[in-house]
Structure formats: C-alpha cells, structure tokens
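J.: Provided below for reference: sequence and predicted model.
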Amino acid sequence: MNLKTQKRLAADILGVGENRVWIDPDRVTEVSTAITRADIRSLIKDDAIKAKPKKSTSKARVRKHQKQVQKGLRKGSGSRKGAKGARTPKKEAWKKRVRALRRRLRELRDQGTIDSSHYRKLYRMVEGGSFRSKAHLESYLKKRGILEE
C-alpha cells in the first residue's frame, strides 16, 4: 500500500519531516483510505498517526570529557589551540609575576631581612621587569649578600 500522500499531509499537519511520521502498522488500511487533511487530523487524534521523537546527539561523552578537563587532564600541547599568549595573556602573566614579587619583598621587609631603602630599590627594579621570578629575585639577593643562604 502506498501511503506517500498520507505521510506528506501528516508531516505538514504535525509540522515535522516525513521521516518522523509514524503510522500504526495495525491501522494501515484505515490510513490508506484517508485522502483529506480532515481525515488525517482525525487519525492523528485517534493516535493512528504520530510524530516520532527528535533524535539528537548524546551529551554523555561531552560531559565525561569536560569532567576530565576540570581535573586538569587532556590539556597537553596537542589539545591547545592558539598562541601561548592567547591562553594566558601577557598582561595577566605579568600581573601574576609582579604581585608575587611584591608580596615577597613585603615579607622580607616585615621580617627585617631587608631595610626600607633596599625595599624601595628592589620594588622599582620589580616594576622595571628586572626579575623573571621569585627564584630569580632570591638568587639576586643572595649574590649581593642581602639574604643568607
């Protein structure tokens, strides 16, 4: 039995594609006799014709992947897109470094390891970008004999 017309009409009425129209296999003869839109509407009301649910992509794998990324996995060089400066902008890296250095200088001053004149001089050097890291600052201080090893 050819139900092409009925399927087309039902798809239009239900507002779905023809592939999503389901016709009850037990009531095929009844559906084949339906030729008007009103007939199709009554069959839809009687559940002889239905719209199949939408098929969609499962999010399970995506959620699993996201959970691993949150743990810090799957972040290697092969997974990265964009330049180094795109993931952590230069300014952010600078702020992080400068704040750490200033914090360390404050600790040293408060402990009495360095006096305020040294503190001011080193503070200006930090601002000028003289130190790569806290370790670099410490090595500078040790080399100058300001910090004991």
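T.: Arrived safely. Residues are numbered from 1 along each chain as shown.
J.: make it CA atoms for all contacts and neighbour counts henceforth
T.: Will do.
J.: what segments of the chain are strands?
T.: 21-23, 49-51 (DSSP state E).
J.: and the first one, what does it pack onto?
T.: What it means is strand 21-23. Where contact means 3 or more CA pairs under 8 Å, 6 or more residues apart in numbering; DSSP states H and E, strand 21-23 is packed against helix 4-14, strand 49-51.
J.: biggest helix in the chain, by residue count?
T.: Counting residues, the longest helix in the chain under DSSP state H turns out to be helix 90-111.
J.: quick one: contacts of that one?
T.: Applying CA atoms under 8 Å, 6 or more residues apart in numbering, the external contacts of helix 90-111 come out as Ile114, Asp115, Ser116, Tyr119, Leu122, Tyr123, Val126, Glu127, Arg132, Ser133, Lys134, Leu137.
J.: stretch 5-16 too?
T.: Under the contact criterion CA under 8 Å, 6+ apart, stretch 5-16 has outside partners 17-18, 20-21, 31-32, 34-35, 37, 40-41, 44, 49, 51.
J.: of all the strands of the chain, which lies closest to Val69?
T.: Nearest of the strands of the chain to Val69, taken as CA to CA: strand 49-51 at 38.5 Å.
J.: buried sites along the longest helix of the chain?
T.: For helix 90-111, the neighbour count (16 or more other CA atoms under 10 Å) marks Arg97, Val98, Leu101, Arg102, Leu105, Arg106, Leu108, Arg109 as buried.
J.: now swap in stretch 41-55 and tell me
T.: Within stretch 41-55, the residues that count as buried by 16+ other CA under 10 Å are Arg41, Leu43, Ile44, Ala48, Ile49, Lys50, Ala51.
J.: averaged pLDDT, that stretch. What do you get?
T.: Mean per-residue pLDDT for stretch 41-55: 96.
J.: chain center to that stretch: distance?
T.: With CA atoms, centre = their mean, to the nearest Å as the basis, stretch 41-55 stands 38 Å off its chain's centre.
J.: chain center to stretch 26-37, what's the gap?
T.: That offset, for stretch 26-37, works out to 49 Å (CA atoms, centre = their mean).
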